[in-house]
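> Show me how the following folds:
(chains A and B)
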Amino acid sequence: MSATPEAAEGRLVTAALRCYPARWRRRHADEAAELAALLIADGTPAASIAWSYLAGAAREWLVPRRPRSLSEASEASAAADCRPGGAVSPPRPQAGRAQRGLGTEGNTGRPWRGGRRLAAALLAAACLIGFSVALAAEGAPAKAAGTTQAPASPGAGSHSPHRLNPCRPAQATAHVRTC
Amino acid sequence: MSTREQDVLRRAGEASVLVLVSLADGPKHGYALIQDVKQFAGVELGPGTLYGALDRLERLGLIESLPADERRHPYRITATGAAALRAHLDSLERVSAAGRLRLQLGGA
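Numbers count the residues shown, from 1 in each chain, chains lettered A, B, ... in the order given. Sure, this is the predicted structure:
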């Protein structure tokens, strides 16, 4: 491969950003890419930024979103019901769903939510595998550039203890933690 | 309403509280937030964590995004956010005071 280290770093971050849901990408992808570029320019390893985005993407897929307020939930529910062919989501109990909030587990809403969570988990897993492959592909240029990024094997990266601890002590500075 | 109910940040996570504290003195975009939090708290927020916190706070109505400055979106704390932060800091102060008192009494 003849890619420059900068291009390789950019691709790594872009690959991680692609793992986010489309609604997140529409809203944040541009500024997230710019933020990554600034952090890389500051000396933050691209792999670390990419992993952070990857973890964020997994959270976006797996954590149920709650509406901002009761009125917003009602509006969202009404808008969904008014869509042409609005039965994209499975039938749900009409009375009180908006009042309970979309993020809460209603008694009868569980089968639908469970299926959605399973789909999200499968998507996240597929994304993780794809990202690991991308990381493996980018490993060679990073090493050529003399960086000290983690090894690019798919298994090793995804199970690093550092990634499991959301707020770990930073290695470079004694009093700075990464989160 | 009890103090616990008022403290909506109680379960929002450390990153959300740090972001809110950083925004308390004026609007900032993502990079400035990361730098500021690192400076005052010694915590280096990862960008994924930062956007997770920003989304959560925005959904709760505690912050709002301002019109984009080129590709950067500055964020600003809302009045609700300021009140929530005050309530949370009050709660932390009570816990901190109780902890210090008990350490003194216990002689630890």
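
> Up against chain A, what does chain B have?
Counting by C-beta under 8 Å from any C-beta of the partner chain, chain B comes close to chain A at B:14-15, B:18, B:29-31, B:34, B:38, B:42-52, B:55, B:58-61, B:68, B:71-73. All C-beta atoms are positioned from the backbone trio N, CA, C, and that covers glycine.

> Quick one: buried ones out of those?
Among these, those that count as buried by neighbour count (16 or more other C-beta atoms under 10 Å in any protein chain shown) are B:14-15, B:18, B:29-31, B:34, B:38, B:43-52, B:55, B:58-61, B:72-73.

> any idea where the helices of chain B begin and end?
For chain B, the helices defined by DSSP state H cover B:3-6, B:14-23, B:30-41, B:47-59, B:79-106.

> Looking at the ones you listed, which is nearest to residue A:16?
For residue A:16, the closest of the helices of chain B is helix B:47-59, at 8.1 Å, according to C-beta to C-beta.

> what angle do the closest one and helix B:30-41 make?
Using axes from the mean of the first three to the mean of the last three C-alpha atoms, to 10 degrees, the direction of helix B:47-59 lies 100 degrees away from that of helix B:30-41.

> I'd like the distance between the residue most central in space within chain B and residue B:29.
In chain B, the centroid-proximal residue (C-alpha atoms, centre = their mean) is residue B:17; its distance is 2.0 Å. Computed as C-beta to C-beta, to the nearest Å, the residue B:17 to residue B:29 distance reads 19 Å.

> ok, now which ones touch residue B:16?
By C-beta atoms under 8 Å, 6 or more residues apart in numbering or on different chains, the contact set of residue B:16 is B:9, B:53, B:56-57.

> go again using 6 Å as the cut-off
B:53, B:56-57 (C-beta atoms under 6 Å, 6 or more residues apart in numbering or on different chains).

> so where's the chain uncertain?
Just so you know, I chose chain A. Scanning chain A with the threshold set as pLDDT under 70 gives A:1-3, A:5, A:64-124, A:126-176, A:179.

> I was thinking of chain B, sorry if that wasn't clear
Applying pLDDT under 70 to chain B flags residues B:1-6, B:108.

> rerun that using 90 as the cut-off
By pLDDT under 90, the weakly predicted segments of chain B are B:1-14, B:67-73, B:104-108.
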